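Colleague: Sequence and predicted structure, then a few things I'm wondering about:
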Amino acid sequence: MGIHAVERGSLWVRQGDGYLCVEAAGGESEKVKGRRIGRRERSIVGWVIENGKVAVSRPGEDFRQHKAIERELSVKSKVILAFPLFLKDKSVFGAVEVIETGFSASNMNLEAERLAQIQELVDIGSVALNNAIVYERQSKANAKLQRRLRSMGAESEFIGQSQPFQQALAQLRSYAGTGYPVLVAGESGTGKELAARMLHRLSDRKEKPFVVQNCSAIPETLLESELFGYEKGAFSGAVKSRLGLFEQADGGSVFLDEIGEMPFTLQAKLLRVVQEGEVKPLGSARVRRVDVRIISATNRDLAEMVAAKQFREDLFYRLSVLPLTLPPLRRRLEDIPLLLMRFLRREAVGNDLPAKVVPPETMRILTSCPWPGNVRQLENLAKYLTVVVSKEVITPDDLPPDVVVGERLPLGGAVDADDEGVSVSGSGTRANDTQRFFGGKTWDEVEMVYARYLLAKNNENMTWAAEDAGVNRSTFVSRLKRLGVVVRPQRRRR
């Protein structure tokens, strides 16, 4: 008789310093599945896994038997056959047991030839199981890598060795230990949300939620319901009550980006949250208490907005208890190599490509650009170079036109950079660079590069770009159309 009438079976895998039953079938399988046997304990599966050989065992006669599990079973095992499970490299990762509990056990065919045939069948199943295990391990490794990449993406931009950055970082760290509101100021792309996330991560609220809301991204009525929540029936479509972001973040931090764009009517409700820690959902007759730290950010001058009656003065002072100003990239040019190499390494890993190399002559050009888009623009450049440049070394000719046209010294000389802008002075020669920038280009090509530079500098706002170009908006738009430059719609006000 074969083993077609076996009544119990189990699958064991090596785990740490022992063996785990990951699956069991047959009578009383629930008493076996999930059980773990230590490597130093006697067991048939342990012997099979460690020796890589088939075991034929009659419980009560075999010193290798793990008696603790057998004692818990009301129906005892008569014959146990255990077969090793091999990986592709011939190492053993587990064992499968087939168990006979009835009278037919005495008639089981235990001849070597028959056991070898069974082992062949087990080996076939082992291949499939091995593939599944490899896939699971690879999936876990990929998930871990993705988490690491996301972590790198969230943190890698907020690094730097320059004095302006280190001063801002020291200030941020000192703020983290408090619960006071923080107002983060800085140009677009300087890393205001990264700073807010770091504030939360370094605070004692780090285990609680960190919630983000862009105050310029949605209409006023929707923004109010997003922040404060609403009761069922508060308005058409409110089929059930919903918590606002302040309640969702209770105990944690709320980051209000572009706070300068918040409608004036909502500022009063926000003031009550900051002052009293109270929110009142739309359609509700009662207020609710919340404990949140408010971190807000803006690239506008709120003091000027207060003077122009565009922002509440009392709210401004409440939000700016702890002010933090992030320096633009043009004030921390020495950080560009560090940032760029970090970005290039991250993009290389994410795209399964070799990391690019930036030689000194290319880096010199990059460290003399004004970078109107700040760190975000540099990050986008790293993505562009990773995908577009096929060779390992990035030469000056590989840089896109909208970067090189913005170089601060196209005609030679020294640089004086400050918060108000960039001036060019001196009498040095940069004829080679000038030739590289403009040599061989048509007038339309130069105009297109200049138009793209102005748009990047002004965050795609055509009105502002036209002002910088010294022409009216309609003229600027008509030239863009002639050049075939497509601009994304922009709702932001200056």
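Modeller: Good, I have the coordinates.
Colleague: pLDDT score for residue 494?
Modeller: Note for residue 494: predicted pLDDT of 39.
Colleague: and what of residue 258?
Modeller: As predicted, residue 258 sits at a pLDDT of 94.
Colleague: Now it, what are its backbone angles?
Modeller: Main-chain dihedrals, residue 258, degrees, to the nearest 10: phi 50, psi 50.
Colleague: What is the burial count for it?
Modeller: Residues near residue 258, counting by other C-beta atoms under 10 Å, number 19. To be clear about C-beta, it is placed using only N, CA and C from the backbone, and glycine gets the same treatment.
Colleague: try the one 4 residues further on
Modeller: The burial metric for residue 262, expressed as a neighbour count using other C-beta under 10 Å, is 23.
Colleague: which residue packs closest to it, ignoring adjacent ones?
Modeller: Of all residues not flanking residue 262 in the chain, residue 215 sits nearest, at 4.4 Å (C-beta to C-beta, 6 or more residues apart in numbering).
Colleague: what's that neighbour sitting at in phi/psi?
Modeller: When quoted as degrees, to the nearest 10, the phi and psi of residue 215 stand at phi -80, psi -10.
Colleague: Now do the same contact list for it.
Modeller: Neighbouring residues of residue 215 by C-beta atoms under 8 Å, 6 or more residues apart in numbering: 223, 256, 257, 258, 259, 260, 261, 262.
Colleague: Going along the chain, name the strands of the stretch 251-400 of the chain.
Modeller: Secondary structure of the stretch 251-400 of the chain (DSSP state E, counting those that start in this stretch): strands at 253-257, 278-279, 288-289, 293-298, 322-325.
Colleague: got JSON lines for these, with mean neighbour count and distance to residue 28 too?
Modeller: Below are the strands of the stretch 251-400 of the chain laid out as JSON lines (neighbours: other C-beta atoms under 10 Å; distance: least, C-beta to C-beta, whole Å):
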{"stretch": "strand 253-257", "mean neighbour count": "24", "distance to residue 28": "52"}
{"stretch": "strand 278-279", "mean neighbour count": "20", "distance to residue 28": "56"}
{"stretch": "strand 288-289", "mean neighbour count": "14", "distance to residue 28": "53"}
{"stretch": "strand 293-298", "mean neighbour count": "25", "distance to residue 28": "55"}
{"stretch": "strand 322-325", "mean neighbour count": "17", "distance to residue 28": "64"}
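Colleague: May I see these arranged in JSON lines, with distance to residue 336 as well?
Modeller: Shown next, in JSON lines, are these (distance: least, C-beta to C-beta, whole Å):
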{"stretch": "strand 253-257", "distance to residue 336": "25"}
{"stretch": "strand 278-279", "distance to residue 336": "43"}
{"stretch": "strand 288-289", "distance to residue 336": "46"}
{"stretch": "strand 293-298", "distance to residue 336": "23"}
{"stretch": "strand 322-325", "distance to residue 336": "20"}
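Colleague: Which of the ones you listed sits closest to residue 162?
Modeller: strand 322-325 (14.2 Å; C-beta to C-beta).
Colleague: And the helices in the stretch 51-200 of the chain, which stretches?
Modeller: Using DSSP state H, counting those that start in this stretch, the helices of the stretch 51-200 of the chain run over 67-72, 112-155, 163-176, 192-202.
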